[in-house]
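[1] Got a sequence here, can you build the structure:
(one chain, ligands or ions: 2)
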Amino acid sequence: MFECEPEITAHREVAPGTYLMTLREASIAKQARPGQFVMLRAFSGMDPLLRRPFSICGRIGEDAFGVLYRVVGRGTAVLAKQRTGDRIQVLGPLGNGFQTGPASGSFILAGGGVGVAPLFFLAQTLLGQGDRTPAFLAGFSGKQEVLSPGDVLQLDLEAEIATEDGTLGHAGPVTDLLEPHLAVCAEQGNKTTVCACGPPAMLERVAALARAAGASCQVSLESAMACGLGACLGCTVHAAPQEGIPYLRVCREGPVFPAEAVDWSRAGAGWS
Ligand SMILES: Cc1cc2nc3c(=O)[nH]c(=O)nc-3n(C[C@H](O)[C@H](O)[C@H](O)COP(=O)(O)OP(=O)(O)OC[C@H]3O[C@@H](n4cnc5c(N)ncnc54)[C@H](O)[C@@H]3O)c2cc1C
Ligand code: FES
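    Ligands and ions are numbered 1, 2, ... in the order given. Okay, here's the model as predicted:
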């Protein structure tokens with residue numbers, strides 16, 4: 001983990017209210033694993049006081065990494081005002097990322113909204129391992145919101161898109177796209193891993209579909225965070241009974257968890 005003040009080398013709006021920030025910091029770019037996150041703070045004043053957590057969305061060139069973020073409040077609004085050449089405070093890489101294991105089986109990546117961010121990094125990593133091209137499924141509210149791995153990170157990977165308003169791709173939730181993929185994998189007896197990031201209701205549905213199809217499933221969770229280091233317990237989610245502990249810290253044990261580690265019946269509590 002590093003605490004540093006890297007330079008912003010590129011910063012652009014990739015969809016309305018969604019930005020890709022590139023930060024030059026070789027130590028983080030080299031050490032980071034898909035699913036890990038950084039805590040960012042855009043300036044040294046007191047408002048906003050806390051750093052904000054963001055997934056690393058990929059390596060960019062030799063010595064930089066990207067953060068893909070949506071403006072939702074004060075911290076992200078301040079972030080959006082930063083210009084190329086400015087420096088910001090960064091802590092990371094933090095947390096536990098996706099387990100990609102030995103080179104066998106197929107991967108299905110399913111993202112909702114800006115939840116595609118850690119999956120872009122995962123796709124980039126799998127593509128870099130030769131024949132591990134994943135299926136990439138991404139759901140958005142409408143065409144304007146769409147973020148694709150090709151457009152954002154120049155990855156050579158076609159995404160299957162779903163939009164809730166039907167303006168692009170399949171009309172409906174991204175989980176509609178997942179079902180046929182799982183059916184094919186089950187039919188072929190493939191060892192399949194589903195990796196997902198998005199709103200809690202989407203993740204719960206993804207976990208249920210994967211379980212029903214006999215696929216393993218990893219989910220990347222979000223929660224409001226204060227320290228990002230496991231100390232404040234501000235980011236907990238309820239653990240499933242078999243975990244033997246009541247709570248899981250999203251920043252420390254996560255943000256990526258095996259789907260079965262989470263108590264989905266109480267998944268809303270403690271989430272932002
Ligand atoms: C591990 C992790 C990885 C994350 N990765 C990303 C990422 O790659 N890209 C990204 O855009 N965001 C990501 N987030 C969410 C991001 O941290 C929040 O959107 C951010 O902290 C909001 O800060 P703010 O000051 O702008 O909003 P605040 O002023 O803190 O909140 C403003 C409003 O936004 C709501 N809000 C806060 N967090 C979220 C959220 N996660 N989703 C929807 N509404 C929210 C609040 O409830 C409030 O109503 C991640 C969160 C975690 C825990
Ligand atoms: S944010 Fe402090 S324990 Fe997770």
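[2] the helices in the protein, which residues?
    Along the chain, the segments classed as helices by DSSP state H run 26-31, 74-80, 116-127, 149-153, 174-188, 200-213.
[3] Most tightly packed of these?
    Among these, the stretch with the highest mean neighbour count (mean count of other Cβ atoms under 10 Å) is helix 116-127, at a mean of 26. No exception for glycine: its C-beta is placed from N, CA and C like everyone else's.
[4] Just checking the distance from it to the centre of its chain.
    9 Å (Cα atoms, centre = their mean, to the nearest Å).
[5] and the angle for it with helix 174-188?
    30 degrees (axes from the mean of the first three to the mean of the last three Cα atoms, to 10 degrees).
[6] just to revisit the earlier point, mean pLDDT and distance to ligand 2 for the helices of the chain - can I get that in a markdown table?
    Below are the helices of the chain laid out as a markdown table (pLDDT from 0 to 100; distance: least, Cβ to the nearest ligand atom, whole Å):
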| stretch | mean pLDDT | distance to ligand 2 |
| --- | --- | --- |
| helix 26-31 | 96 | 19 |
| helix 74-80 | 92 | 14 |
| helix 116-127 | 97 | 17 |
| helix 149-153 | 94 | 27 |
| helix 174-188 | 92 | 27 |
| helix 200-213 | 95 | 17 |
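[7] Which neighbouring residues are in contact with residue 88, exactly?
    Residues in contact with residue 88, defined by Cβ atoms under 8 Å, 6 or more residues apart in numbering, are 5-6, 8, 23, 40-43, 79, 82.
[8] Where is the longest strand in this structure?
    strand 7-15 (DSSP state E).
[9] So which elements touch that strand?
    Packed against strand 7-15 by the contact rule (3 or more Cβ pairs under 8 Å, 6 or more residues apart in numbering; DSSP states H and E) you find strand 18-24.
[10] The longest strand of the chain and ligand 1, are they touching?
    No: counting by Cβ under 6 Å from any ligand atom, ligand 1 is not contacted by strand 7-15; separation bottoms out at 11.2 Å.
[11] Ligand 1 contacts on the protein?
    Of all the residues in the chain, those lying near ligand 1 are 37, 48, 52-55, 68-70, 72-76, 114, 117, 222-223, 225, 250, 255, 272, going by Cβ under 6 Å from any ligand atom.
[12] Can I get the buried part of those as one ChimeraX selection?
    Buried members of the residues of the chain next to ligand 1, defined by 16 or more other Cβ atoms under 10 Å, are picked up in ChimeraX with:
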select :37,48,52,53,54,55,68,69,70,75,76,114,117,222,223,225,250,255
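[13] Could you tell me which of the residues of the chain next to ligand 1 belong to strands?
    37, 52-55, 68-70.
[14] before we move on, back to that, centre of the chain to the longest strand of the chain, how far?
    Distance, stretch centre to chain centre, for strand 7-15: 18 Å (Cα atoms, centre = their mean).
[15] same deal with stretch 52-60?
    So, by Cα atoms, centre = their mean, the centroid of stretch 52-60 is 8 Å from its chain's centroid.
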